[in-house]
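Asker: coords please:
(chains A and B)
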Amino acid sequence: MNDTRGSTRTLLTDEITELLEADDASETDAQYVVLAALEGADELADMLDNSAPVPTTETEAPAETDTEDSPEPSGAFIESVTVSGFRGIGPQATLPLYPAPGLTIVAGRNGSGKSSFSEAIEVALTGNTYRWNKQNGRKAAVWQQHWRNLHQAEPCEVRIGLAVEGQGAATVGVTWAAGTGDLADRKSWFQRAGQRQEEGLDSLGWDRDIERYQPILSYDELGGLLESEPSKLHDKINEVLGLEQATDTEQLLTDVVKRLGEAEEARKACTRELKKQLDGVDDERAHAALAQLRKHRPDVDEVERIATGAAPQRGIDGLRTLAEVTIPADDVVAEAVGELRGAAGAWAELADQAATLADRRTTLLRNALDVHAHEGDIECPVCGEGTLDDAWRQQVEDALEAERAESQQRRATGDRLERARRRLADVVDGVLIPATPEQFSLSTRAAADEAVRRWKDLPDNDVERASHVERVHPELAEAVASLRDETRQLLAEHEDAWASHALDLGEWVKLARDAAAQQPRLERAKAGRDAMRRVREQLRNNRLAALEERAREIWAALKQESNVELGGIRFKGRATRRQLELYADVDGADAEALGVMSQGELHGLALALFLPRATAPASPFRFVVLDDPIQAMDPAKVDSFVKVLAGFARDRQVVVFSHDDRLPQAVRQLGVDARIVEVNRDSESAVTVANCEDPARRLLDDAFAICKDQQVPDEVRRRVLPGLCRQAVEAACHELYLNRRLTRGDARTDVEDGWRSVERTKNRIALVVEGDPEADISGWKRRGPGRSEAFGLVTGGAHGQLDRDPLDAVRSVENLVKDLRSTR
Amino acid sequence: MSAGEDAAAGRLLAEAVAILDGARGIPASQVTRAAAFVARQAVEDRMRQLCSDAGVEIPRANGRSRLIVLRELVDADVAEAAHTAWSGLSRYCHRHAFELSPTTDEVRHLIRRARLLVEPSRGPDDRPG
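Answerer: Next up, the predicted model:
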């Protein structure tokens, strides 16, 4: 049965594909998305994960299309209903049905066990019944407590024999374990002929179809159908239009859109939260982040940099630098100071003047050596007394050599002093305290600045300078340390405050990235959903028009004399406000159908709507079971209702349970090809089912049976037979009278009243024989053999005992019935 | 009051209950009607007896006339019980438009009413059968 569903699905897929292609409003990509969604959730996910395919060809029909299949799936007929220990049925009773198209009327008074059969069908096939569904009111609670038969509660079992086209016989059953008092504690099973029993009904694949087509409708339920919430009526009719796949696909797309949109929703929620949170936070990073969050499209990377501290922030960065500020260490200062002192001391030891004179003398002597080198031995041009000769030259060169060495030492001492000065200057100048960022104020800053100023205020004298540095350095160190500590503390406070914001921003960044990643999918899914929605509405309008047509036909048959015409059926509203609007045309004026119809008309309308649904072509059920559909129906409509049923019975198995004899009679009168059975229940809940096409014949057959049955005590026989015989004669009279007047075109209500006004058997016979209940029929009585005796028996005998041979008496009554039937 | 007649009516009622209980071999589809016939005969016997006790001998009169006699000459409560039982049971002895066979519960209820008439000493809650 699953395969048949597959074929109807495929047909719908084809229809959807066609409508999609004709849908100008949707892009090609949206159509691809819809087609993928039609195949299933996984396919849709694949389609959304991958970039849109390049449209290549126009042929894009789904692969599994198999248009060879019949559009109408093979379906199931009910072959029998066997019930024991359930509801009104005690010992096992079977309602045999013909598993083929045709009309069967199951008649039985309320309490006869008739409805127990229909409930059994419902329970076995749906696992539920309208009557025990608590949603449907108080009665359900009572039902729930009384599902087991009071007289014979065990075994408690229902078996539905099925005949499935193309598959053969099968049985669906429900069994309650002995002793269980819990309705839900039951076992459902299914068994194909010659195969093993399977637990549950899953392999039938009916779970959804049974709800969708609702082939079992009870009077209570019919009444409830139109009175239920507008959205429920909407859904029920919507379902029957066979749009489940379209609806499912739209729902799938809607769900996917919702799921894909969750990331963006989360991002938005997080943005709102963060905006509130950051507003008023005195931190430039908060300001920067807020500025981003307020943008229509925030720069996610920038927010991340802000959160992680990677983005330059003047104030905080300045504070960080300040927190790391250092001054030269003690040993560095001590070394520089010591060196300056050492160099200055060494320098002071050399006579400055002497050094200068020696330099001049050396210059003079070098010049003299130069003269000697050019002029040779000559008198000294300076003093005129000596001679510049080799000995002099040698002496001078030795002296000069010694002096050069002295001079070099002096220069080195000078250089050392210079270096010592520079080194100390570097140490002093190296102390630089960066500016405090303007948004912060530090109480120790002024003292630190003052210390630095004093530190750099150096005396000129080397020795004093060294002492100055040595003296001021500890003060400076202390001031700067205080500044650094204060800055660090301030920084720590800020970082602590920021850390949680930074984490939240990090979370936001993650959400924003997720949302961005889903965005392309989301856009495509939205386009697909919108396309599917348009297609589904189009599809629905097409299907609804067809259903409306059928419903109108049925309504036309059922309404007969009502002045209410069924107008349009329209779906209105969406989501929780969805409803089905039924329009009526009352004597040419438009009205809401539900408002102008009587209870009986509403039942007719419900039937008009739900019979086409129950017999929809795609349904796997070839049967439709109606439990007392016409309780509130105008008797005048019974005939046309029977005709409607007969129409459905041409290609469906129509089983109608009826609490009174109206339907059976209408069937007999109209000559509709139908089977009538009567259900009876005895005091121990033993339920019997008997054919009842001809009630008079049936009564006579039973009368004969009583004559022949030796188990029946003679007194009982003699007391009971007159009554049965009278019933048989009256049944024949009733049928004749109805036939005669109805074929004359009289209204059924008038005919019923006519019968009711004649109470006595004698007058009823006169009514049939002479057309007048008061007519004298003594002549007629005498004409046939045994007629007079039979007449006496059925008119007076019912009040006493039969004093003739029972078999003879019943035979004479049988003849009387024959005679009555031959009158015209 | 004739003890024999009362006993006969009571026996008939018991017989009706036996039929209803399926103890008399009547076909299932006729059980309720058959029980109704027999029970009605019991009621009619009793009504005839009550009229006779009241000094009214009307052997050919119909049930309705007897009910009137009972109400006027015997006792309004007795007449009431007789009326519900007799007319209810009579319903099942004729063919009515669109009515199917009565159910056992319906007939049992009427037999209970009839028992009030036939055996007035028994309380209404004593279920026959």
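Asker: quick one: contacts for residue A:278?
Answerer: The contact partners of residue A:278, taken as C-beta atoms under 8 Å, 6 or more residues apart in numbering or on different chains, are A:286, A:289-290, A:293, A:501. C-beta coordinates here come from the backbone N, C-alpha and C atoms, glycine included.
Asker: Quick check: which element contains residue B:96?
Answerer: Assigned by DSSP states H and E, residue B:96 belongs to no helix or strand.
Asker: What residue, apart from its backbone neighbours, is nearest it spatially?
Answerer: Using C-beta to C-beta, 6 or more residues apart in numbering or on different chains and skipping the chain neighbours, the partner closest in space to residue B:96 is residue A:756 (7.5 Å).
Asker: picking up where we left off before, ok, the contacts of residue A:278 vs residue A:775, which is closest?
Answerer: The shortest approach to residue A:775 among the contacts of residue A:278 belongs to residue A:293, at 102.2 Å (C-beta to C-beta).
Asker: Are stretch B:24-43 and chain A in contact anywhere?
Answerer: Yes: for stretch B:24-43 and chain A, the contact criterion (C-beta under 8 Å from any C-beta of the partner chain) is met by B:24-34, B:36-38, B:40-41.
Asker: What about those, which one has the most neighbours?
Answerer: Within the residues of stretch B:24-43 next to chain A, most neighbours by other C-beta atoms under 10 Å in any protein chain shown means residue B:34, with 31 neighbours.
Asker: pLDDT score for the most centrally placed residue in chain B?
Answerer: The C-alpha lying nearest the average C-alpha coordinate of chain B belongs to residue B:43 (C-alpha atoms, centre = their mean; 3.1 Å). Confidence at residue B:43, expressed as pLDDT, is 91.
Asker: mind saving the C-alpha coords of the helix or strand harbouring it as PDB?
Answerer: Taking DSSP H and E as the criterion, residue B:43 maps to helix B:31-53. Extracted in PDB, the C-alpha atoms of helix B:31-53 (Å, rounded to 0.1, in the frame of the first residue of the first chain):
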ATOM      1  CA  VAL B  31     -36.700 -12.500  21.000                       C
ATOM      2  CA  THR B  32     -37.600  -9.000  22.100                       C
ATOM      3  CA  ARG B  33     -40.900  -8.900  20.100                       C
ATOM      4  CA  ALA B  34     -41.900 -12.400  21.400                       C
ATOM      5  CA  ALA B  35     -41.200 -11.400  25.000                       C
ATOM      6  CA  ALA B  36     -43.200  -8.300  24.500                       C
ATOM      7  CA  PHE B  37     -46.200 -10.300  23.100                       C
ATOM      8  CA  VAL B  38     -46.200 -12.600  26.100                       C
ATOM      9  CA  ALA B  39     -45.700  -9.800  28.600                       C
ATOM     10  CA  ARG B  40     -48.500  -7.900  27.100                       C
ATOM     11  CA  GLN B  41     -50.800 -10.900  27.400                       C
ATOM     12  CA  ALA B  42     -49.800 -11.100  31.100                       C
ATOM     13  CA  VAL B  43     -50.800  -7.400  31.500                       C
ATOM     14  CA  GLU B  44     -54.000  -7.900  29.600                       C
ATOM     15  CA  ASP B  45     -54.900 -10.900  31.800                       C
ATOM     16  CA  ARG B  46     -54.300  -8.900  34.900                       C
ATOM     17  CA  MET B  47     -56.200  -5.900  33.700                       C
ATOM     18  CA  ARG B  48     -59.200  -8.100  32.900                       C
ATOM     19  CA  GLN B  49     -59.000  -9.600  36.300                       C
ATOM     20  CA  LEU B  50     -58.800  -6.200  38.000                       C
ATOM     21  CA  CYS B  51     -61.900  -5.100  36.100                       C
ATOM     22  CA  SER B  52     -63.700  -8.200  37.000                       C
ATOM     23  CA  ASP B  53     -62.800  -7.800  40.700                       C
END
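Asker: just checking, what packs against that helix?
Answerer: helix A:714-743, helix B:3-20, helix B:63-69, helix B:76-91, helix B:104-118 (3 or more C-beta pairs under 8 Å, 6 or more residues apart in numbering or on different chains; DSSP states H and E).
Asker: Help me confirm that residue A:591 is found in a strand?
Answerer: Yes: counting by DSSP: H, G, I helix; E, B strand; the rest coil, residue A:591 falls inside a strand.
Asker: what's the neighbour count on it?
Answerer: Residues near residue A:591, counting by other C-beta under 10 Å: 16.
Asker: And residue A:655, by the same measure?
Answerer: Count around residue A:655 with other C-beta under 10 Å applied: 30.
Asker: Who are the contact partners of it?
Answerer: A:78, A:97, A:104, A:106, A:623-626.
Asker: Lowest-confidence one in the residues you listed?
Answerer: residue A:97 (87).
Asker: check contacts around the residue nearest to it when sequence neighbours are not counted.
Answerer: Nearest residue to residue A:97, sequence neighbours excluded (C-beta to C-beta, 6+ apart): residue A:78, at 5.2 Å. Contact analysis of residue A:78 by C-beta under 8 Å, 6+ apart lists A:97, A:99, A:121, A:160-163, A:623, A:625, A:653, A:655.
Asker: what do you get for residue A:152?
Answerer: Applying C-beta under 8 Å, 6+ apart, the residues near residue A:152 are A:84-85, A:90-91, A:684-685.
Asker: circling back to that earlier point, and the furthest pair within the contacts of residue A:78?
Answerer: A:163 and A:625 (15.2 Å).
Asker: who in the stretch 451-600 of chain A is up against chain B?
Answerer: So the stretch 451-600 of chain A never meets chain B (C-beta under 8 Å from any C-beta).
Asker: can you pull out the helices in the stretch 451-600 of chain A?
Answerer: A:462-559, A:593-596, A:599-614 (DSSP state H, counting those that start in this stretch).
Asker: one step back: cross the contacts of residue A:278 against strands and list the overlap.
Answerer: Among those, no member falls in strands (DSSP state E).
Asker: nearest to chain B, of those?
Answerer: residue A:293 (77.4 Å; C-beta to the nearest C-beta).
Asker: The closest one: neighbour count?
Answerer: 19.
Asker: Could you do residue A:541 as well?
Answerer: 12.
Asker: quick one: contacts for it?
Answerer: Contacts of residue A:541 (C-beta under 8 Å, 6+ apart): none.
Asker: shaky segments in chain B?
Answerer: B:1-6, B:97-98, B:120-129 (pLDDT under 70).
Asker: Next to chain A, which bits of it? Give me the list.
Answerer: B:12, B:15, B:19-22, B:24-34, B:36-38, B:40-41, B:44, B:93-106, B:108, B:129.
Asker: now residue A:110, what's its secondary structure?
Answerer: coil.
Asker: should've said residue A:306
Answerer: Residue A:306 - assigned by three-state DSSP - is helix.
Asker: and what of residue A:657?
Answerer: Residue A:657 - assigned by three-state DSSP - is strand.
Asker: neighbours around it, how many?
Answerer: 27.
Asker: gap between it and residue A:629?
Answerer: The gap separating residue A:657 from residue A:629 is 8 Å, by C-beta to C-beta, to the nearest Å.
Asker: if I pick the closest residue to residue A:235 other than its chain neighbours, what's in contact with it?
Answerer: Excluding the flanking residues, the one nearest residue A:235 by C-beta to C-beta, 6+ apart is residue A:578, at 7.7 Å. For residue A:578, the contact set (C-beta under 8 Å, 6+ apart) comprises A:230-231, A:234-235, A:571-572.
Asker: what about 10 Å?
Answerer: If a contact means C-beta atoms under 10 Å, 6 or more residues apart in numbering or on different chains, then residue A:578 has A:230-235, A:238, A:571-572 as its contacts.
Asker: Let me see the contact set for the residue of chain A most remote from its centre.
Answerer: What lies farthest from the middle of chain A is residue A:385; by C-alpha atoms, centre = their mean that is 130.7 Å. With contact set as C-beta under 10 Å, 6+ apart, residue A:385 has these partners: residue A:379.
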